[in-house]
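[1] Below are the sequence and a predicted model; questions follow.
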Amino acid sequence: MAIQAHLVELERKHRILESELHDALQHLSTDDLKIIELKRRKLMVKDEIERLRLAAADTLH
């Protein structure tokens, strides 16, 4: 159950980062480095979500 709670939290963080990225892209004055950092963090969270999903699936089998 701890993995599931962690997944829920990571999915929440991913949505927040997606929203922040969307907002940053809407403003032309947003620094490119900030956009790159948001994309990097979003990808890291996505990768962690996938890793945990695979680990959870392995424990079920």
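    That came through, no problem.

[2] Just give me the longest helix of this protein.
    helix 32-60 (DSSP state H).

[3] pLDDT (mean, whole number) over it?
    In this model, helix 32-60 has an average pLDDT of 93.

[4] What residues sit buried inside it?
    Leu38, Arg41, Lys42, Val45, Lys46, Ile49 (16 or more other C-beta atoms under 10 Å). (C-beta placed from N, C-alpha, C; glycine too.)

[5] Tell me which other helices or strands that helix touches.
    Of the remaining helices and strands, those touching helix 32-60 by 3 or more C-beta pairs under 8 Å, 6 or more residues apart in numbering; DSSP states H and E are helix 2-26.

[6] hmm, who's touching the helix it packs on?
    Identification of contacts with helix 2-26 by C-beta atoms under 8 Å, 6 or more residues apart in numbering yields 30, 34-35, 38-39, 41-42, 45-46, 48-49, 52-53, 55-56, 59.

[7] swap the cut-off to 7 Å and go again
    For helix 2-26, contacts defined as C-beta atoms under 7 Å, 6 or more residues apart in numbering pick out 30, 34-35, 38-39, 41-42, 45-46, 48-49, 52-53, 55-56.

[8] what's the answer for stretch 35-46, then?
    By C-beta under 7 Å, 6+ apart, stretch 35-46 touches Leu10, Lys13, His14, Leu17, Glu18, Glu20, Leu21, Ala24, Leu25.

[9] Generate CSV for these, with pLDDT, neighbour count and distance to Ile3 as supplementary columns.
    Formatted as CSV, those follow (pLDDT from 0 to 100; neighbours: other C-beta atoms under 10 Å; distance: C-beta to C-beta, whole Å):
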residue, pLDDT, neighbour count, distance to Ile3
Leu10, 97, 20, 10
Lys13, 98, 17, 15
His14, 98, 18, 16
Leu17, 98, 20, 21
Glu18, 98, 14, 22
Glu20, 97, 15, 26
Leu21, 97, 18, 26
Ala24, 95, 17, 31
Leu25, 94, 12, 32
